[in-house]
Structures are given as structure tokens and as C-alpha cells.
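In: okay, sequence plus prediction incoming.
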Amino acid sequence: MKQIYSRVGMVFSLVLALTATYSSLASAQTPVAVRGGETISIDDVNNILIRKPDAKASLILLTGGNGKLDVGPDAKFSSGSDNVLIRNRDAFAGNGFNVLLVESGTSLTAAVKAMAKIKRPVTVVGTSAGTQRAAQGLVEGAKPDRLVLTSGFLSRGSGPSTNMMTILPYAELLPPTLVIHHRDDTCRFTKAGGVDPFLAWAEGRARVVWLSGGITENNPCNSRAHHGFNGQDAELVSKIVEFAGRP
């Protein structure tokens, strides 16, 4: 009987190992080359910069989730390519913006300073959990000219997680801010009910643009749900570049 249990245990361990290996392989992405991009180091962390001649302004893109892009040399990255901000990098650049794709662990203060040397105004654009990182960057001293929060962790009404209001000690740290939110975002961390309390707390420093329609698929918190503005990329990009491109 002990031998049977031992063999069952060995088989179960093998299945777990194979499952973990398969999951790792399935989640890995072929490295994506960013057109017109270059890998640059900001405080010893690799990021990707798309530099445009005669750019009108600069955008700093903070992806969601764990923030990892896994940036390598030659402007290639291997994680997070379907995030709504990252997948629209060419559209932002095509509208005349320098675009920085930010790797997890990058100092937002240093990133803003680096982009300001290239072209101001500098707008930080965070989506989903990237809005938490934007808030933490402001606390640590980042001073962008503007801020865009899409599908944001904004207030306790957004859901059970830290948010802009709990991270920022006071609203005065906010630069002029645009909130872009989908009316039917059902992600448990970014519910639409979190928008109005944040706007009230911001005391005139923030305004909202609501989007409706589009397509939602699978997990309500992923990039192909209303949370990720699926089917509304062009509309989202137009709202961001309009705000960020003002003189």
C-alpha cells in the first residue's frame, strides 16, 4: 500500500511540474520590437523610448498589473503587449508625441526628468494598477505637467485596494488630471462608483471623460474587457492626445 501511495505521489508531482512548465511557456511572449524605439536606461532600469522629430509633447505610459514589460536590448519587450496603453504606442507616436514605455521599478521622478529634457509638457498616463504607481510617484516627488488616469484605482468606491486617495496625502500633489473611465467597467478594483468621490476630493484638479460601448470578453479586469477599452482604442487615444497636447 505504501508503494502505491508513493507512486501516486510521484505521478501527482510530475503532473504539477508539467503543468507549471506548460503555464510558464504559455504565458511567455515572443519579444516584441518597438518600431522607431530605443532601449534607454533610467536609473539603471531599461525602458523603451520612441523619439519623434519635432514632437509636440511627451507621454510616459504606466501599464497595469505588475508593471512588468521585461524590456531587453534593441527596443524589445516580452510582457504586457496587449495592455491598452502599450498596444497603442504607435498611435500616440503617430500623433506627434515622444513616448516612454516604462518598466516596473523605474523611478517616476527620474522618468519625468528624463522626458522633460527632451520635450515638455510631460504627461504621465497610467492605467489600472498603473494609476497606483502614478500616485506613488507623485508622493516620491515626480512632477509631471499633466496626469491621465484610465480605469483607475481612484477611491474606496473603486474597490478593495489602495488607491489615489489613500496613497496621496493631499490633493495638492495632483497636476491637472484627466480621468477616463468606462461606464460599464465591472473590474472589482476599478468600479465606476469610485470616480465621483475622487473628483470631489481633487477639488477641481481633475475632470472625467466617460466612455460607453465597445466589447467585453473574459475576465472583467483584463485588457479585452471594458476595463481595457476593447474596441475603443481610437477613441481613447484621441481623448489622451487632446488633453496631453494642449499648449
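Out: All right, it came through fine.

In: all contacts plus neighbour counts: C-alpha atoms, from now on.
Out: Will do.

In: tell me where the chain has strands.
Out: Taking DSSP state E as the criterion, the chain carries its strands at 32-33, 37-42, 45-50, 57-62, 76-77, 97-101, 122-127, 146-150, 177-182, 206-211.

In: could those strands be laid out in TSV, adding mean pLDDT, distance to residue 230 and mean neighbour count?
Out: Output for those, formatted as TSV (pLDDT from 0 to 100; distance: least, C-alpha to C-alpha, whole Å; neighbours: other C-alpha atoms under 10 Å):
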stretch	mean pLDDT	distance to residue 230	mean neighbour count
strand 32-33	96	21	15
strand 37-42	98	25	18
strand 45-50	98	24	22
strand 57-62	98	18	27
strand 76-77	98	22	23
strand 97-101	98	20	27
strand 122-127	98	14	26
strand 146-150	98	13	26
strand 177-182	98	10	23
strand 206-211	98	11	16
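
In: can you redo those as JSON lines with distance to residue 197?
Out: Supplementary listing: the strands of the chain in JSON lines, determined by distance: least, C-alpha to C-alpha, whole Å:
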{"stretch": "strand 32-33", "distance to residue 197": "39"}
{"stretch": "strand 37-42", "distance to residue 197": "35"}
{"stretch": "strand 45-50", "distance to residue 197": "34"}
{"stretch": "strand 57-62", "distance to residue 197": "23"}
{"stretch": "strand 76-77", "distance to residue 197": "37"}
{"stretch": "strand 97-101", "distance to residue 197": "30"}
{"stretch": "strand 122-127", "distance to residue 197": "18"}
{"stretch": "strand 146-150", "distance to residue 197": "14"}
{"stretch": "strand 177-182", "distance to residue 197": "12"}
{"stretch": "strand 206-211", "distance to residue 197": "11"}
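
In: closest to residue 244 out of those?
Out: The closest of the strands of the chain to residue 244 is strand 122-127. By C-alpha to C-alpha, the value is 6.0 Å.

In: where along the protein do the helices fall?
Out: In the chain, the segments counted as helices under DSSP state H are 2-27, 89-94, 108-118, 130-139, 164-167, 195-202, 233-244.

In: what comes into contact with stretch 206-218?
Out: Contacts to stretch 206-218, defined as C-alpha atoms under 8 Å, 6 or more residues apart in numbering, come from residues 176-184, 195, 199, 224-226, 229-232.

In: kindly recompute the last result at 6 Å.
Out: The set of residues external to stretch 206-218 that reach it, using C-alpha atoms under 6 Å, 6 or more residues apart in numbering, is 177-183, 199, 224-226, 230-232.

In: check stretch 179-194 too.
Out: Residues outside stretch 179-194 that contact it (C-alpha under 6 Å, 6+ apart): 148-155, 157-159, 208-212, 220-221, 226-227.

In: rerun that using 8 Å as the cut-off
Out: Outside stretch 179-194, the residues that touch it by C-alpha under 8 Å, 6+ apart are 128, 148-161, 195, 206-212, 220-221, 225-227, 229, 236.

In: from residue 189, how far out is residue 235?
Out: Computed as C-alpha to C-alpha, to the nearest Å, the residue 235 to residue 189 distance reads 23 Å.

In: of these two, which one has the most company?
Out: Of the pair residue 235 and residue 189, residue 189 is the one with more neighbours under other C-alpha atoms under 10 Å, namely 24 against 11.

In: residue contacts, residue 108?
Out: Neighbours of residue 108 in contact, by C-alpha under 8 Å, 6+ apart: 134, 137, 138, 142.

In: just flag the most distant two among those residues.
Out: Farthest pair in those (C-alpha to C-alpha) is 134 and 142. Separation: 8.7 Å.

In: neighbour count for those two, which is higher?
Out: The neighbour comparison of residue 134 against residue 142 (other C-alpha under 10 Å) goes to residue 134, with 25 against 20.

In: what sits closest to the more buried one if chain neighbours are left out?
Out: Nearest-residue entry for residue 134: residue 126, 6.3 Å, with adjacent residues in sequence omitted and distances by C-alpha to C-alpha, 6 or more residues apart in numbering.
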